[in-house]
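Trainee: The sequence and its predicted three-dimensional model are supplied below.
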Amino acid sequence: MKSHNTINIEMEKQEFDYSQRSQWLRAAVLGANDGLVTISSLILGVGAVKDDPKSMILTGFAGLVAGACSMAIGEFVSVYSQLDVKLAQMKREKKEEEEEDREKLPNPFQAALASALAFVMGAVVPLLGAAFVREYRVRLGVVGAATTAALVGFGWGGAVLGGSRVGRSCGRVVVGGWMAMGITFGLSKLIGLGGLEM
């Protein structure tokens, strides 16, 4: 026979509304996944035509900085636009600005910082994979393997936090990441074979 506390915990799990997490979960998963896939693809794209580790790492680092800034600015503008719409709606409805209403409004600065940090967290994985391996082919393999492991982790984490199916989420994230890396590597190799000076 189950205890009263066990029943209450099970009921809380069943009644939890996972959609409450959707906004921040979307931003965190998108930022980290974007950082991971973008930087991996950049490193592998450069690696398709150059075996110089310095070129690969500098490209990855420049992508990390540019991507984090881009994510932060994009999220700031997006959330600020959302905030403007909500404030305008409150004015139109002539609501009194209660403290509770104010707390529900999005914070563009927090959203920008969270998005940038999530991008950096994802981007660090392939950069570290590329930074410590001297042998060219091994370096490409390590970047691909580290990225795949992180993609599985992001897929799993997103599924668990969102209360969805883990296998489907992991598969979607991994296949999408592999496609991005493969297309970038293949097109870069094709351009490199065409005689473009690097």
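Mentor: In hand now; what should we look at?
Trainee: Could I get the contacting residues of Lys86?
Mentor: For Lys86, the set of contacting residues under the criterion of C-beta atoms under 8 Å, 6 or more residues apart in numbering consists of Leu105, Pro106. To be clear about C-beta, it is placed using only N, CA and C from the backbone, and glycine gets the same treatment.
Trainee: measure it to Asn107 for me?
Mentor: The gap separating Lys86 from Asn107 is 12 Å, by C-beta to C-beta, to the nearest Å.
Trainee: Next: Gly74.
Mentor: Distance from Gly74 to Asn107, counting by C-beta to C-beta: 16 Å.
Trainee: what does Gly163 give?
Mentor: Gly163 sits 25 Å away from Asn107, going by C-beta to C-beta.
Trainee: Equivalent analysis for Leu58, please.
Mentor: Using C-beta to C-beta, one gets 34 Å for the distance from Leu58 to Asn107.
Trainee: Please apply the same query to Leu44.
Mentor: Counting by C-beta to C-beta, the gap from Leu44 to Asn107 is 36 Å.
Trainee: Which of those two has more residues huddled nearby?
Mentor: In this view Leu44 and Asn107 are compared by other C-beta atoms under 10 Å, and Leu44 has more residues nearby, 26 against 12.
Trainee: Show me what the mean pLDDT comes to for the lengthiest helix in the chain.
Mentor: Ranked by residue count and defined by DSSP state H, the top helix of the chain is helix 53-92. Average pLDDT, helix 53-92: 91.
Trainee: Look at the closest residue to Arg134 other than its chain neighbours and say how many residues are nearby.
Mentor: Among residues not flanking Arg134 along the chain, Pro53 sits closest, at 6.6 Å (C-beta to C-beta, 6 or more residues apart in numbering). When neighbours are defined as other C-beta under 10 Å, Pro53 has 18 of them.
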